[in-house]
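Peer 1: any chance you could fold what I've pasted below:
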Amino acid sequence: MRKFISLVFWLGVAALAAVTITMPVSIQAHLVTSLLLLVLMMLIKVFKLSGTWRLMLLAFGTAIILRYAFWRTTSTIPPVTQIADFIPGFLLYLAEMYSVLMLGLSLFVVSSPLPPRPSTSLKPDDDVPHVDAFVPTYNEDEGLLAGTLAAAKAMDYPADKLTVWLLDDGGTLQKRQAESLDQAVAAQHRHERLQKLAEELGCNYLTRDRNEHAKAGNLNNGLAHSKGELVAVFDADHAPARDFLQQTVPYFAKDHRLFLVQTPHFFLNPDPLERNLQTFETMPSENEMFYGVIQRGLDKWNASFFCGSAAVLRRTALETTNGFAGRSITEDAETAIDLHGKGWNSIYVDRPLIAGLQPATFASFIGQRTRWAQGMLQIMLMKFPLFKRGLSFGQRMSYLSSTMFWLFPISRMIFLFAPFFYLFFDLQIFTASSGEFVAYTVTYMLANLVIQNSLFGRWRWPLISELYEYIQSVHLFPALLSVMLNPSKPTFNVTSKDETTVRSRVSEIGMPFYIIFFLLLVGLGFTIFRLYAEPFKAEITLVVGGWNLFNLLIAGCALGVVSERREARQNRRVPVDRACQVRTQDGTWVDGTIMDVSSTGMSVKLRSNRSGISKDTMTGLRFTPYSKIEEPEMTVDIRNAVMGENGTVLGCQYVLKTANDYRLMADLLYANSAQWTERLNSKRANIGIIEGLARFLWIALYQTSRGLAYLVKFGQTPAVKSTRNRRASA
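Peer 2: Presented below is the predicted three-dimensional model:
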């Protein structure tokens with residue numbers, strides 16, 4: 001009866017909303033009402049009101065947006081008899097309705113996300129399940145794998161209940177027997193080296209005969225050779241903190257239908273946008289909006305999904321689907337939707353418990369996003385969430401939002417080129433007066449901006465989402481079209497994350513962005529010409545020209561993204577504060593503090609300037625590790641020594657030769673997850689709409705000039721080098 005009453009209530013609310021939204025009113029009445037609602041929204045936002053007030057803000061904004069959608073549908077589409085106007089006009093309308101739909105789905109998901117779950121831990125007398133930790137690898141560097149394996153092996157968990165597996169798809173029998181002698185020898189050499197590495201670190205090495213079904217097949221091979229009740233999955237470049245299992249395993253005892261505990265992906269290095277725009281230290285990263293808000297919203301509807309790494313899964317659940325799904329190239333989300341469809345549950349723990357690496361170059365970044373986009377589109381086409389058997393209503397809406405999101409390149413490209421139809425060809429694809437544009441379109445855009453900033457302000461600056469979508473859309477657009485034509489065509493490609501740019505250059509896939517920029521610049525010229533030649537059309541020309549100018553700002557900023565800066569240091573340093581001792585040349589030990597660390601080196605501050613330690617010498621360094629390491633001393637190469645008033649600062653590079661060296665390096669860099677939480681929180685500040693827009697305008701103008709300068713100075717000079725078998729200086 002309660003559900004029936006609730007259904008009747010919401011149907012009544014929907015009917016009332018429909019009547020209100022479709023009510024015929026004058027432009028003036030709509031404008032006044034919309035402005036009043038916008039003022040109320042801003043007051044709620046400025047005074048940081050929460051709870052019911054937050055929902056009221058979303059309701060006010062939704063009313064403005066739906067009113068715009070109704071007006072757009074009934075009053076602005078060109079007549080079908082004017083086919084030249086109608087076709088591009090209708091495509092623009094569909095792109096806008098897609099945006100409205102995605103906003104509605106987003107509001108459904110994140111309007112009231114679950115708060116972060118409290119920290120948890122296992123009790124000493126708990127009967128803990130056996131955990132198999134899988135580290136799948138294909139072509140990653142041995143040093144990178146050693147750090148991840150050492151960190152996984154050092155997790156705070158009973159040693160007899162934890163088995164770490166290195167799942168090597170780069171040393172399969174198929175590869176070791178390749179027709180190419182060089183490839184066969186390289187695979188055999190890799191096979192032997194990784195076998196030895198795993199043995200030295202106390203891990204199990206496993207490969208297979210053939211490379212079938214990519215990562216999903218590799219993980220399923222691991223399932224077939226292991227017995228643990230739970231399976232933890234870490235990408236080769238995702239090293240877990242010491243408390244990873246402490247923060248995730250306890251949830252499985254509370255819910256026997258729980259198949260997944262997912263944690264966020266935290267990254268030590270910037271993505272290409274952050275690196276080339278130099279925003280990594282100040283602006284929240286792109287992935288933080290997903291892991292900071294959206295996954296918590298999905299969690300509310302029991303729809304948080306497997307993200308391929310940094311997660312723990314229940315073996316008995318995986319057995320019901322014959323292991324990890326491999327039909328699409330995003331085995332993680334596909335596995336999750338299948339298990340949710342079978343009535344299994346998932347939860348999301350919003351605490352960074354792994355540290356990983358992002359693609360260093362723009363080309364690798366686009367390659368990664370192409371796989372994500374194609375895989376999610378495959379899931380949408382093959383297992384359409386709206387009609388997927390076994391899902392709840394909330395799960396259907398959540399998965400629909402997650403998969404349909406990746407259609408954004410289509411709408412983004414339409415928005416990009418739509419102004420050209422009027423500026424170049426004088427087509428009327430949007431029939432509205434300037435007054436109607438202000439009353440409906442401008443208020444719609446303002447409402448959208450306020451909603452986005454209210455929901456995601458701490459995790460995303462204004463217009464940064466538009467920039468991220470644009471830089472991906474140029475190359476994702478044809479990739480999505482290929483999936484639509486043949487959903488089974490895409491193949492799994494491993495993302496390269498061991499690259500660095502050794503000198504400044506324009507990305508090898510950056511030229512389309514320059515072409516688009518110059519087309520938009522021509523559009524600006526046409527705007528000025530039409531204002532002069534057709535002053536009687538000034539109102540519509542200013543509107544369309546302003547739209548083109550906005551696109552030009554985004555495109556100009558993108559030039560800075562594809563203009564790859566030289567990376568002086570391979571690995572970013574992570575600030576720490578750990579006491580240590582450094583051995584002097586006469587064998588005595590002096591006290592110091594480790595100030596920052598990376599996977600290749602560290603900075604150490606000594607309290608004295610008379611330490612007897614000089615540049616270009618090898619010496620010992622010891623500290624108290626979080627894990628139980630029998631010999632907490634490692635050899636470091638002093639690359640530089642700078643004397644100051646308060647002591648000497650040493651730049652040290654690790655000398656990683658033994659398994660113990662990698663254990664100590666992993667303890668320094670990965671063991672303490674609290675430092676990652678602090679780092680995330682330091683950048684999570686809502687700078688507001690006005691300041692955010694001002695910052696974006698400044699970034700866009702500067703990056704436009706820098707991007708053009710790079711084109712003139714460097715062109716597309718290949719300058720990407722693999723860091724395999726090479727260590728950059730500390």
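
Peer 1: which stretches of the stretch 251-400 of the chain form strands?
Peer 2: Remark: strands of the stretch 251-400 of the chain, listed N- to C-terminal, are 258-262, 266-267, 311-314, 345-348, 354-356; assignment by DSSP state E, counting those that start in this stretch.

Peer 1: so what's Tyr291 up against?
Peer 2: With contact taken as CB atoms under 8 Å, 6 or more residues apart in numbering, Tyr291 is in contact with Pro264, His265, Asp350. Where you see a C-beta, it was placed from the backbone N, CA and C, and this is true even at glycine.

Peer 1: quick one: the residues you listed as JSON lines, columns for neighbour count and distance to Lys175 too.
Peer 2: Supplementary listing: those in JSON lines, determined by neighbours: other CB atoms under 10 Å; distance: CB to CB, whole Å:
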{"residue": "Pro264", "neighbour count": "22", "distance to Lys175": "33"}
{"residue": "His265", "neighbour count": "23", "distance to Lys175": "28"}
{"residue": "Asp350", "neighbour count": "20", "distance to Lys175": "39"}
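
Peer 1: surely Tyr251 touches Arg257?
Peer 2: No: no contact is recorded between Tyr251 and Arg257 when judged using CB atoms under 8 Å, the distance being 11.6 Å.

Peer 1: picking that back up, let's have the strands of the stretch 251-400 of the chain in TSV, adding distance to Ile44, mean pLDDT and mean neighbour count.
Peer 2: Putting these into TSV (distance: least, CB to CB, whole Å; pLDDT from 0 to 100; neighbours: other CB atoms under 10 Å) gives the following:
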stretch	distance to Ile44	mean pLDDT	mean neighbour count
strand 258-262	32	98	25
strand 266-267	32	96	24
strand 311-314	36	98	25
strand 345-348	27	98	22
strand 354-356	36	96	25
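
Peer 1: quick one: which of Tyr251 and Arg257 has more around it?
Peer 2: Between Tyr251 and Arg257, counted using other CB atoms under 10 Å, the more crowded position is Tyr251 (18 against 12).

Peer 1: excluding chain neighbours, what is closest to that one?
Peer 2: Computed as CB to CB, 6 or more residues apart in numbering, the closest residue to Tyr251 that is not its neighbour in sequence is Val261, at 5.3 Å.

Peer 1: that neighbour reaches Leu245, doesn't it?
Peer 2: No: judged on CB under 8 Å, Val261 makes no contact with Leu245 at a distance of 10.0 Å.

Peer 1: any shared contact partners between these two?
Peer 2: Counting by CB under 8 Å, 6+ apart, the common neighbours of Val261 and Leu245 are Val312.

Peer 1: which ones are touching the most centrally placed residue in the chain?
Peer 2: Against the mean C-alpha coordinate of the chain, by CA atoms, centre = their mean, the closest residue is Asn287 at 3.0 Å. Residues counted as contacts of Asn287 (CB under 8 Å, 6+ apart) are Pro264, His265, Phe267.

Peer 1: pLDDT at the first one, what is it?
Peer 2: The model reports Pro264 with a pLDDT of 97.

Peer 1: ok, now how distant is the spatially closest residue to it that is not a sequence neighbour from Leu103?
Peer 2: The spatially closest residue to Pro264, leaving aside those adjacent along the chain, is Tyr291, at 3.6 Å (CB to CB, 6+ apart). The gap separating Tyr291 from Leu103 is 20 Å, by CB to CB, to the nearest Å.

Peer 1: likewise Leu519?
Peer 2: 28 Å.

Peer 1: do Gly323 as well
Peer 2: Distance from Gly323 to Leu103, by CB to CB: 36 Å.

Peer 1: which SSE is Pro79 in?
Peer 2: Taking DSSP states H and E as the criterion, Pro79 maps to no regular element, lying outside all helices and strands.

Peer 1: now the residue nearest to it when sequence neighbours are not counted, what's its secondary structure?
Peer 2: In space, Pro79 comes closest to Phe86 once its chain neighbours are excluded; the distance is 6.6 Å by CB to CB, 6+ apart. At Phe86 the chain is in helix, as set by DSSP: H, G, I helix; E, B strand; the rest coil.

Peer 1: quick check: Phe86 touching Tyr93?
Peer 2: No: the pair Phe86 and Tyr93 fails to qualify as a contact (CB under 8 Å) at a distance of 9.9 Å.
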